[in-house]
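1. build me a structure from this.
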Amino acid sequence: MSRPAFGQAGCLLSANDYIRAVGLDATKEALCQKIWDGGRVSVDEAAQLCELPLPQLGALADRRRRLAKADAYGGRGNDIVTYNIDRNINYTNVCNVYCKFCAFWRSEKQDDSYVITHDEIDRKIEETIALGGTQILMQGGHHPKLNKQWYLDLLSHIRDKFPQINIHGFSPSEFIHFRDVFGEPLESLIRDFRDAGLGSIPGGGGEILVDEVRQRISPLKAMSDDWLEVMAVAHRLGMASTATMMFGHVESLRHRIEHLERVRRQQDETGGFTAFIAWTFQAENTRLQATPVGAHEYLRMQAISRIYLDNIPNIQSSWVTQGLEIGQVALKYGANDLGSIMIEENVVSEAGTTFQMGVADMRRLIEGIGYEARQRDNWYRLVDGQAAAA
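-> Just a heads-up that it's a prediction; the model follows:
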């Protein structure tokens, strides 16, 4: 390892010096060398990474970030950290899968249940555009009574009125719901949604892609193969998507690594994931009995995700669940993107997390640790004055 890595005190050390400084055995030293050189790690090796000191794991993740982004933005990818301006719009909170970790869902009979109107969504998008936004993230509950045409009409209305806005919408679990309720194959459903205006698909509902975990936290929701099938179909149809992981509840380390393995394998096959985002379970107002993990565990899992997911170019920091300061620190633990300013967020906030950030905050956090802050779109193309592609 001849190139420098950041040591625990922030000074530059050679990687070999750093390994000796923390006293690793020969097996872990070889693993660190492999990671530094860009080699793919196995499931067993990923488990060994959890035994490394957190600062060293962060240094290795930062190295992998630099390898992944070296050729981006005209060769300036290592100097740039991106962010997005979009708005989360939840078109309904009516849901019939009753996930134990979710505080957002309502039944149709509850007084505060709703279905959005076109006028309401127009107002939200107009506000987003006024703030420089280029995208909406549109997701909802699994409403048992909305028909397919309702969704297609909503998409075409947004596309026709706001052609400059990308609709990043409908998670895989929603598409599985549509498949079952509408009685149509996934491919025809996703194609029809795409043709009506859907631009890309978010990775919501990923949680942990291990069925024994999903059966415990959301037994009525799409299982792992279903989630991955939606993404595979979308990728074959030329649509991009993101992948996610919500951890820190009832899963084990083995489950987390299995989740990463399934995402990596899917990316090897179809190549449509533009980014990976991990966040921690937020417990307030939910029915899931679990003790949330802290920032230390979050940073460790993000670093491991960057190292393991060697075929996904972008890793987002989750400041929404961790707060602004840890979101900034995560940029030294493998992340190259600070996510969105979240003009509106309803789901995580219902579980007790209410961190907020504006563009000025985003730029301050990014520039405060030496990077150049740049706005990007869903495909990681810069949109604030330069058109260089990621």
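2. what stretches of the stretch 251-390 of the chain score poorly on pLDDT?
-> For the stretch 251-390 of the chain, residues meeting the criterion pLDDT under 70 lie at 283-290, 344-356, 385-390.
3. try it again at 50.
-> 345, 347-354, 386-390 (pLDDT under 50).
4. mind listing the helices for it?
-> Along the stretch 251-390 of the chain, counting by DSSP state H, counting those that start in this stretch, helices occupy 253-270, 295-308, 319-322, 324-329, 347-350, 359-367.
5. out of the ones you listed, which gets nearest to residue 196?
-> helix 253-270 (22.4 Å; Cβ to Cβ). C-betas here are computed from N, CA, C, even on glycine.
6. what is the most centrally placed residue in the chain paired to in the beta sheet?
-> In the chain, the C-alpha nearest the mean C-alpha coordinate belongs to residue 277, at 2.4 Å (Cα atoms, centre = their mean). Beta bridges link residue 277 to residue 244, residue 316, judged by DSSP bridges.
7. contact partners for it?
-> Residue 277 is in contact with 203, 242, 243, 244, 245, 315, 316, 318, 339, counting by Cβ atoms under 8 Å, 6 or more residues apart in numbering.
8. let's go with 7 Å and repeat that
-> Residue 277 makes contact with 203, 242, 244, 316, 318 under the criterion Cβ atoms under 7 Å, 6 or more residues apart in numbering.
9. mind putting the helices of the stretch 251-390 of the chain into a markdown table with distance to residue 83 and mean neighbour count?
-> Shown next, in a markdown table, are the helices of the stretch 251-390 of the chain (distance: least, Cβ to Cβ, whole Å; neighbours: other Cβ atoms under 10 Å):
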| stretch | distance to residue 83 | mean neighbour count |
| --- | --- | --- |
| helix 253-270 | 23 | 18 |
| helix 295-308 | 17 | 23 |
| helix 319-322 | 10 | 24 |
| helix 324-329 | 10 | 20 |
| helix 347-350 | 18 | 20 |
| helix 359-367 | 5 | 17 |
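10. kindly reformat these as a markdown table containing distance to residue 39.
-> Formatted as a markdown table, these follow (distance: least, Cβ to Cβ, whole Å):
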| stretch | distance to residue 39 |
| --- | --- |
| helix 253-270 | 14 |
| helix 295-308 | 10 |
| helix 319-322 | 29 |
| helix 324-329 | 26 |
| helix 347-350 | 35 |
| helix 359-367 | 29 |
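11. out of those helices, which is closest to residue 236?
-> helix 253-270 (6.6 Å).
12. check the offset of the closest one from the chain's centre.
-> Distance of helix 253-270 from the chain centroid (Cα atoms, centre = their mean, to the nearest Å) equals 14 Å.
13. which strands and helices sit next to that helix?
-> helix 43-49, helix 224-236, strand 240-247, helix 295-308 (3 or more Cβ pairs under 7 Å, 6 or more residues apart in numbering; DSSP states H and E).
14. CA-only coordinates of the longest one in CSV, if you can.
-> These are the backbone C-alpha positions of helix 295-308, laid out as CSV (Å, rounded to 0.1, in the frame of the first residue of the first chain):
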residue,chain,number,x,y,z
ALA,A,295,-23.6,6.8,15.2
HIS,A,296,-20.6,4.4,15.7
GLU,A,297,-22.5,1.5,14.3
TYR,A,298,-23.9,3.6,11.5
LEU,A,299,-20.4,4.7,10.3
ARG,A,300,-19.1,1.2,10.5
MET,A,301,-21.9,-0.2,8.3
GLN,A,302,-21.6,2.6,5.8
ALA,A,303,-17.9,2.0,5.5
ILE,A,304,-18.4,-1.7,5.0
SER,A,305,-21.1,-0.9,2.4
ARG,A,306,-18.7,1.2,0.4
ILE,A,307,-16.1,-1.5,0.5
TYR,A,308,-18.4,-4.4,-0.3
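15. now do that helix: distance to the chain's middle.
-> Centre to centre, stretch against its chain (Cα atoms, centre = their mean), the figure for helix 295-308 is 13 Å.
16. start the count at 766, not 1, going forward
-> From this message on, residue numbering opens at 766, which makes the last subject helix 1060-1073.
17. among the contacts of residue 1042, the buried ones, what's the PyMOL command?
-> Applying 16 or more other Cβ atoms under 10 Å to the contacts of residue 1042, the buried members can be selected in PyMOL as follows:
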select buried, resi 968+1007+1009+1081+1083
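18. circling back: rebuild the helices and strands packed on helix 1018-1035 as CSV, extending it with distance to residue 855.
-> Converted to CSV, the helices and strands packed on helix 1018-1035 look like this (distance: least, Cβ to Cβ, whole Å):
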stretch, distance to residue 855
helix 808-814, 34
helix 989-1001, 19
strand 1005-1012, 16
helix 1060-1073, 24
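19. what about the ones you listed, which gets the closest to residue 842?
-> helix 1060-1073 (14.0 Å).
20. circling back: wait, which of the helices of the stretch 1016-1155 of the chain is closest to residue 806?
-> With Cβ to Cβ, the closest approach to residue 806 among the helices of the stretch 1016-1155 of the chain belongs to helix 1060-1073: 6.0 Å.
21. what packs against that closest one?
-> Helix 1060-1073 sits against helix 808-814, helix 819-834, helix 1018-1035, strand 1038-1045, strand 1079-1081, helix 1089-1094, with contacts defined as 3+ Cβ pairs under 7 Å, 6+ apart.
22. contacts for the shortest one next, please.
-> Applying Cβ under 7 Å, 6+ apart, the set of residues contacting strand 1079-1081 from outside is 1039-1042, 1067, 1070-1071, 1099-1102, 1104, 1145.
23. measure residue 1071 to residue 906 for me?
-> 32 Å (Cβ to Cβ, to the nearest Å).
24. ok so, going back, residue 912: which of the helices of the stretch 1016-1155 of the chain is closest?
-> When those are compared (using Cβ to Cβ), the closest one is helix 1112-1115, at 23.9 Å.
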